[in-house]
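A.B. asks: Okay, predicted coordinates and the sequence, questions at the end:
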Amino acid sequence: MSPLYVTNEWADPNVYFNVAKGMVNGKVLYTEIFDHKGPFIFFIYAIGYLISNNTFLGMFFIEIISWFFLAISLYKISKIYFSRNSSSILTMLFFIPFVKIIKAGGSAEEFILCLEGVSLYLFLQYFNKNSCLHKPKYMFIHGMIVSIVLLTKINLIIFWFFPLLFIYINIFLHKKFKNLINNILLFLIGSLIIALPIIGYLYCNNALEEAYNIYIKLNSAYAKIGSLKKTTILLTLRILYLFIEPLSLFIFATIGIFIFPLKHIKNPLGKYSILLTGISLYIIIFMGKFQYYYPIPYLIFSFLGLLQIANYLKEKNTNTNVYLSIKDMYLITLIIVFANISVSKMSNTRVEEWFFPKDTYASTTVMTNKLRVEIMKEKNPTLLNLGFGLANNLFTTCNIVPNVKYFITPNLSYSFYPQLRQEQFKYIKNKKTDFIIIQEYITGSDYYKKQNPVDRPSYLKELPILNENYKLILADTLTNYIDENSDEIYYLYKKNP
């Protein structure tokens, strides 16, 4: 997102940005422009688009604000147990694995992690005090946050379920019924402040039913899981997935879930709430289809693990029980830095080119630049992406406002959601867009055998209506440094006169 980079070519934020672009330019979410994510993320990106309509500068400002709230929250959590200086260093250390796992930045999971940080501080603050009373103003904040998450990625509200439930139970058990009612009311008010404007937008544009069909019904079917036995086996095997970032996701997060709450949360209900939250969040993230960045919200527990390790070192330090020694802080810093740098590159765009020689780092400034140059030869171009991936960024760099509903192809197979491809074939037949892009992975032959034939690039390239109405003008082979260094070919077609 940073302006130090030419652009952000990661597929996901470009979908959010260009759906938001369509909304700002008059298209109605879900009925006239499609993606299956929750509506709130598109309104956030719409604000970013209004600040800058062909770069991610606006989203960079929003991202910085989100990171600021996350950093303040983590600092305040750390301050419960450590000195000011130690808390500052521990907070900064958290951002090393965080920056690695967010890919190019801007995912829904990243923003949800920032919200987790705010709520986690409030949870720990409550469960570590002697009074059972809960300030309703904090429940108002939780209500707003839960509503945002509910309207962004609904399954991740599990993070808030057990802590909020146990707060209410704690108040009830102490018979503080007035405080209980006030907290429930403020939670509902906070939730409605976020939800009502979005529901109102959808209702006024006759999109409420379609929003439900896409965001709730479609995603529920997409995430459908198998039997209890199969799911249990899958979750057990996917412990190995934690080793994509072994220090933060496996070691630190495990300590943060199973050891930190037992040692550092006073209220027994609070101990169990954090423990159950960690376990349930792991289940939610890893029981379905998986992408490398899905565990971002799980990182919040790695910070608790970091605090536990730092506290262990503090207790071993005989000089003081308040400060970590300089030696301890150096040790923690070196472990985190070297463990994370050794696993994968920290970034993949222009900044690296400034520091590494061409023969070491061979990427161009913008991976899709050849495609962009060709498209920009046309005045006010329109585009249809029959794939996903890097080509989504062309809508951003070419400042193209999507002119069709299914302007990109999310990870929804033809077998699962045939309507998408059927409508795209109509666009091709009616020559709705000036350009069409097809993405093809250079991979083993078995990769595409698993797909429905209609989703295969070989099928799309031989489509009669495509070859009648469009001409192949460019085929560009590149390495996608954002998505696991995959080798890909992008075929650019231009509409026949």
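C.D. replies: Okay, I see it.
A.B. asks: can you tell me which residues contact Tyr470?
C.D. replies: Tyr470 sits next to 428, 431, 436, 493-496 when contact means C-beta atoms under 8 Å, 6 or more residues apart in numbering. Every C-beta, even on glycine, is put in place using the N, C-alpha and C of the backbone.
A.B. asks: do you know how far the nearest residue to it once chain neighbours are set aside is from Ala20?
C.D. replies: Closest residue to Tyr470 apart from its sequence neighbours, by C-beta to C-beta, 6 or more residues apart in numbering: Tyr493 at 3.9 Å. According to C-beta to C-beta, to the nearest Å, Tyr493 stands 26 Å off from Ala20.
A.B. asks: do Leu313 as well
C.D. replies: For Leu313, the distance to Ala20 - C-beta to C-beta - is 45 Å.
A.B. asks: Next: Thr396.
C.D. replies: Using C-beta to C-beta, Thr396 is found at 11 Å from Ala20.
A.B. asks: Likewise for Ser302?
C.D. replies: Ser302 sits 31 Å away from Ala20, going by C-beta to C-beta.
A.B. asks: more crowded one of those two?
C.D. replies: For Ser302 and Ala20, the more surrounded residue by other C-beta atoms under 10 Å is Ser302, and the numbers stand at 27 against 24.
A.B. asks: I'd assumed Phe250 was in contact with that one.
C.D. replies: No: in this structure Ser302 lies outside contact range of Phe250 using C-beta atoms under 8 Å: 9.1 Å.
A.B. asks: residue ranges of the helices in the stretch 151-300 of the chain, please?
C.D. replies: Using DSSP state H, counting those that start in this stretch, the helices found in the stretch 151-300 of the chain span residues 158-173, 177-204, 208-211, 219-222, 228-237, 253-258, 260-264, 268-286, 300-316.
A.B. asks: from the contacts of Tyr470, which is closest to Phe243?
C.D. replies: Sorting the contacts of Tyr470 by how near they are to Phe243, with C-beta to C-beta, puts Ile436 at the top with 39.6 Å.
A.B. asks: how about that closest one, what does it touch?
C.D. replies: By C-beta under 8 Å, 6+ apart, Ile436 lies in contact with 383-386, 428, 466, 470, 492-493.
A.B. asks: Looking at these, which is nearest Lys405?
C.D. replies: Proximity of the contacts of Ile436 to Lys405 was ranked by C-beta to C-beta; the top entry is Leu384 with 10.7 Å.
A.B. asks: What is the three-state secondary structure of that closest one?
C.D. replies: strand (DSSP: H, G, I helix; E, B strand; the rest coil).
A.B. asks: So what's the residue count around it?
C.D. replies: By the criterion of other C-beta under 10 Å, Leu384 has 24 neighbours.
A.B. asks: can you check Lys178 too?
C.D. replies: Using other C-beta under 10 Å, Lys178 is surrounded by 10 other residues.
A.B. asks: correct me, but Ile101 touches Tyr294?
C.D. replies: No: applying C-beta under 8 Å, one finds Ile101 not in contact with Tyr294, separated by 9.7 Å.
A.B. asks: Between the two, which is the more surrounded one?
C.D. replies: Remark: of Ile101 and Tyr294, Ile101 carries more neighbours, 24 against 19, as counted by other C-beta under 10 Å.
A.B. asks: which residues does the more buried one contact?
C.D. replies: By C-beta under 8 Å, 6+ apart, the contact set of Ile101 is 244-245, 248-249, 292-293, 295-296, 299.
A.B. asks: sorry, back to before: of all the helices of the stretch 151-300 of the chain, which lies closest to Ser413?
C.D. replies: Ser413 lies closest to helix 219-222 among these, at 9.7 Å (C-beta to C-beta).
A.B. asks: hang on, the earlier thing: can I get the buried part of the contacts of Ile101 as one ChimeraX selection?
C.D. replies: To isolate the buried members of these in ChimeraX, using 16 or more other C-beta atoms under 10 Å:
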select :244,245,248,249,293,295,296,299
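A.B. asks: Tell me the one of the contacts of Ile101 nearest Phe166?
C.D. replies: Leu299 (22.7 Å).
A.B. asks: Which residues are in contact with the closest one?
C.D. replies: Leu299 makes contact with 94, 97-98, 101, 113, 248-249, 253, according to C-beta under 8 Å, 6+ apart.
A.B. asks: let's go with 10 Å and repeat that
C.D. replies: 94, 97-98, 101-102, 109-110, 113, 116-117, 245, 248-249, 252-253, 256 (C-beta atoms under 10 Å, 6 or more residues apart in numbering).
A.B. asks: with the residues you listed in mind, which one is nearest to Asn219?
C.D. replies: For the contacts of Leu299, the nearest to Asn219 is Glu109 (14.8 Å; C-beta to C-beta).
A.B. asks: secondary structure class for the closest one?
C.D. replies: At Glu109, secondary structure determined by three-state DSSP is helix.
A.B. asks: these two touch, right, it and Phe98?
C.D. replies: No: shown here, Glu109 and Phe98 do not form a contact pair, counting by C-beta atoms under 10 Å, at 11.2 Å.
A.B. asks: if I look at Lys224, how far off is Lys79?
C.D. replies: Between Lys224 and Lys79 the computed distance is 43 Å (C-beta to C-beta).
A.B. asks: Neighbour count for those two, which is higher?
C.D. replies: Taking other C-beta under 10 Å, Lys224 and Lys79 do not tie; Lys79 has more neighbours (16 against 9).
A.B. asks: Chain neighbours aside, what residue packs nearest to that one?
C.D. replies: Distance criterion C-beta to C-beta, 6+ apart; nearest residue to Lys79, sequence neighbours excluded, is Ser87 at 4.8 Å.
A.B. asks: secondary structure element for that neighbour?
C.D. replies: Using DSSP states H and E, Ser87 maps to helix 84-101.
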